[in-house]
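> just coords:
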């Protein structure tokens, strides 16, 4: 089934929406500490969506745990690391979510990947190794490792989501946000400071970023994504997500004034190639009739 012109546009919009989230978040982290920023993001998401979905009360315990792993711990790690990494670099490295998820499914669920996927995983990690040739990344290798560790935590959270069964995309996003927000505020209170002053001093651009992260990136972005997944196979729409680092790279250069080194561009291209090898299914030719 071919994508309609509208759905093709929506499929292009999702990686742009998500990729620009890194760019805007990078700017906002200069004012808000990262955990507080994510707490505000999920508060906005919950307030937007929670009124339109039925509370899955029987699953609240599992969803609270999923929120702790896939949102609170994961975003605390990745967005703290984002303070020290370029948005364009983060947009490339986040592509490791795909191979890490495949490996996590193999380790926990026994979903053994084929040779093609294993080759794609190896190529993806080789790309990250190439990226570390950038002197700037060599100086921030610890935060790159923290960012990747956060992606490992995200992968574990997605396995927990899979074990949860069919809940409904918007329901899950809304209630994960509802449980994650207080967890993140508690974590921010423990590890960060000056909350009241920073909230009072935030200008309209900072609050616009919070709204973008909560409404556009999360509510709208996932809404469009679940719409596409409901109409087309993952193998058809998944490759569009390979455009996330392109959007982040352009946004980082144009909006944040970042400069991408040759090592980052080369390694990023290898990472994307590896993920493409995993996502894009090889089509076998149809044999001619006898």
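Arrived safely, thanks for sending. The shown structure was predicted, so the numbers you read here are calculated from the model rather than taken from an experiment. Numbering: from 1, shown residues only.

> which residues in the stretch 51-200 of the chain form helices?
Under the criterion DSSP state H, counting those that start in this stretch, the stretch 51-200 of the chain carries helices at the ranges 60-66, 74-82, 87-93, 97-104, 115-131, 135-139, 141-164, 169-191, 195-201.

> What separation do you get for the residue nearest in space to the middle of the chain and residue 190?
In the chain, the residue lying closest to the centroid (CA atoms, centre = their mean) is residue 94, at 6.5 Å. From residue 94 across to residue 190, the span is 26 Å (CB to CB, to the nearest Å). From N, CA and C alone the C-beta is placed, and that goes for glycine too.

> quick one, what contacts the residue nearest to the centre of the chain?
22, 78, 151, 244, 245 (CB atoms under 8 Å, 6 or more residues apart in numbering).

> quick one: what helix or strand has the last one in it?
Under DSSP states H and E, the secondary-structure element containing residue 245 is helix 244-254.

> Show me which positions of that helix end up buried.
Judged by neighbour count using 16 or more other CB atoms under 10 Å, the buried positions of helix 244-254 are 244, 245, 246, 247, 248, 249, 250, 251, 252, 253.

> From those residues, pick the one nearest residue 229.
residue 244 (16.3 Å; CB to CB).

> Spell out which residues sit in contact with the closest one, please.
Residues near residue 244 by CB under 8 Å, 6+ apart: 15, 18, 19, 91, 94, 95.

> need the contact list for the third one.
For residue 19, the contacting residues are 91, 243, 244, 245, 246, 247, 248, 251, by CB under 8 Å, 6+ apart.

> And the closest residue to residue 269 other than its chain neighbours, how far from residue 56?
Nearest non-adjacent residue to residue 269, counting by CB to CB, 6 or more residues apart in numbering: residue 127, 7.3 Å away. Per CB to CB, residue 127 is found 39 Å from residue 56.

> Settle it for me: which of those two has more neighbours?
residue 127 (23 against 16; other CB atoms under 10 Å).

> residues contacting that one?
With CB under 8 Å, 6+ apart, residue 127 has these contacts: 267, 268, 269, 270, 271, 272, 273, 274.

> got a pLDDT number for the first one?
Per-residue confidence (pLDDT) for residue 267: 81.

> How about residue 234?
The model's pLDDT for residue 234 equals 63.

> Kindly report the same for residue 130.
On the pLDDT scale, residue 130 gets 79.

> from what I can see it touches residue 270, true?
Yes - between residue 130 and residue 270 there is a contact at 5.8 Å, judged by CB atoms under 8 Å.

> Just name the closest of the buried residues of helix 244-254 to residue 233, please.
Nearest to residue 233 among the buried residues of helix 244-254, with distances taken as CB to CB, is residue 244, at 19.6 Å.

> Make CSV from the contacts of residue 94 and add pLDDT and distance to residue 227 to it.
Shown next, in CSV, are these (pLDDT from 0 to 100; distance: CB to CB, whole Å):
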residue, pLDDT, distance to residue 227
22, 86, 23
78, 93, 26
151, 90, 25
244, 82, 18
245, 81, 23
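
> which of the residues you listed are the two that sit furthest away from each other?
78 and 245 (15.0 Å).

> Figure out how far stretch 250-268 is from the centre of its chain.
Distance of stretch 250-268 from its chain centroid, counting by CA atoms, centre = their mean, to the nearest Å, is 18 Å.

> Quick one: residues in contact with that stretch.
With CB under 8 Å, 6+ apart as the test, stretch 250-268 has contacts from 19-20, 22-23, 26-27, 86-89, 91-92, 127-137, 245, 249.

> Now a ChimeraX select for only the buried ones of those.
In ChimeraX, a selection of the buried entries from these looks like this (16+ other CB under 10 Å):
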select :19,20,22,23,26,86,87,88,89,91,92,127,128,130,131,134,137,245,249
